[in-house]
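S.K.: Below is the sequence, then the predicted model.
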Amino acid sequence: MKKIDYIKEINRLKKEKKAVILAHYYQRPEVQDIADYKGDSLALSRIAATTDARMIVFCGVHFMAETAKILSPDKKVLLPVKEAGCPMADMVTDMSLKKYKEENPDVTIVCYVNSTANVKALSDVCVTSGNAEKVVSQYKGKKLMYVPDKNLGTYLKEKFDLNMNVWNGFCCIHNEVTVKEVQNAKESYPDAQLIVHPECQLEIVKMADFVGSTGQLLNYVKKSNCNEFIIGTENGIIHQMKRACPNKKFYLLTDNLACYDMKLTTLKDVYDALQQEKNIIEVKDDIQENALKALEKMFEYTDN
Ligand code: SF4
């Protein structure tokens with residue numbers, strides 16, 4: 001059988017089908033390299049919405065492709081691996097959130113973008129790990145429920161002294177980091193700064209020199225005068241950090257910082273999705289409309 005040159009074929013199909021390829025920072029390095037844009041999930045969906053592409057291929061997990069569809073309802077959105085999901089997003093269902101809202105009608109629902117379209121549609125406002133502080137600080141004094149990430153929620157609640165309950169969800173990658181692992185890494189690399197994602201537990205976040213979304217961590221290492229960093233987020237970002245700062249050193253906080261779902265997508269999957277136009281993401285009209293309202297509420301606070 002003739003061997004397929006996936007990079008060449010993806011580039012050919014991309015032009016032929018007027019597609020834009022997005023890759024989250026946690027994707028495999030070779031998948032990041034083939035993408036037109038790499039970044040955090042919402043940033044990618046927003047960029048794709050401004051392009052005149054007919055099709056979006058989202059190399060990431062299901063909720064990310066859904067968000068792209070919400071922001072670009074007229075474009076065809078493909079997820080190369082249909083099984084690529086996010087365990088944290090699945091920790092809050094629309095049924096359980098509906099029940100909570102019925103029992104607590106006076107509570108404002110703040111929803112992390114790492115959630116399904118159905119959950120976004122039931123929420124009042126969305127946040128990302130990069131803008132959550134800016135958005136939730138507008139809601140001081142109100143009764144809030146934050147879904148689904150208890151770690152980012154607890155961090156925000158404490159920082160802004162919010163009247164906020166947090167859902168019991170978590171990222172099974174970031175949540176597993178332990179204090180002992182941080183202590184070991186700091187001992188091994190005493191000159192390195194510790195930078196972490198706020199999906200880590202609060203006790204880990206408090207030990208860090210800098211806390212931010214994956215994109216913010218990347219910007220931080222670019223601008224910092226420090227030359228060594230212990231990275232407390234998924235290992236995929238180190239590919240971009242090394243690219244941006246070839247003379248700096250990056251140490252992964254623990255070998256466990258690898259997301260199974262994010263690593264499912266291969267170049268072959270991207271090629272197959274593009275060629276067959278398969279794994280099309282659909283979002284029902286009423287869900288799209290309501291989820292878009294929660295996203296637009298966030299943009300009101302972040303874009304002005
Ligand atoms: S890293 Fe965590 S939040 Fe991101 S997709 Fe994987 S499980 Fe979900």
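M.R.: Right, received. Where do you want to start?
S.K.: got the residues of the protein near the ligand?
M.R.: Contact residues, the chain versus the ligand (CB under 6 Å from any ligand atom): 26, 61, 86-88, 114, 171-173, 234, 259, 261-262. The C-beta positions use only the backbone N, C-alpha and C, and glycine is treated the same way.
S.K.: Pull out the buried members of these.
M.R.: Buried members of these, counted by 16 or more other CB atoms under 10 Å: 26, 61, 86, 88, 114, 171, 172, 173, 234, 259, 261, 262.
S.K.: wait, is the third one part of a helix?
M.R.: No. Checked against DSSP: H, G, I helix; E, B strand; the rest coil, residue 86 lies outside a helix; its state is coil.
S.K.: so who does it touch?
M.R.: Residue 86 makes contact with 61, 62, 63, 114, 171, 261 under the criterion CB atoms under 8 Å, 6 or more residues apart in numbering.
S.K.: And the strands in the protein?
M.R.: 19-24, 37-39, 55-59, 76-78, 108-112, 125-127, 144-147, 164-166, 193-196, 210-211, 228-232, 249-252 (DSSP state E).
S.K.: Check the ones you listed for me and report the most buried one.
M.R.: strand 55-59 (a mean of 29; mean count of other CB atoms under 10 Å).
S.K.: so what strands line up beside that strand?
M.R.: Partners of strand 55-59 in the sheet, by DSSP bridges, are strand 19-24 (parallel), strand 76-78 (parallel).
S.K.: how much space between the closest residue to residue 58 other than its chain neighbours and residue 199?
M.R.: In space, and not counting its chain neighbours, residue 58 is closest to residue 65: 4.1 Å by CB to CB, 6 or more residues apart in numbering. Separation of residue 65 from residue 199 (CB to CB, to the nearest Å): 20 Å.
S.K.: repeat for residue 255
M.R.: From residue 255 to residue 199 the distance is 18 Å (CB to CB).
S.K.: which one of these two has more residues nearby?
M.R.: Neighbour tally, residue 255 and residue 199, criterion other CB atoms under 10 Å: the higher count belongs to residue 199, 28 against 8.
S.K.: got the phi/psi numbers for the residue in the stretch 101-250 of the chain positioned nearest to the ligand?
M.R.: In the stretch 101-250 of the chain, the residue that lies nearest the ligand is residue 171 (3.3 Å; CB to the nearest ligand atom). Dihedral angles of residue 171 (phi, psi; degrees, to the nearest 10) stand at phi -80, psi 120.
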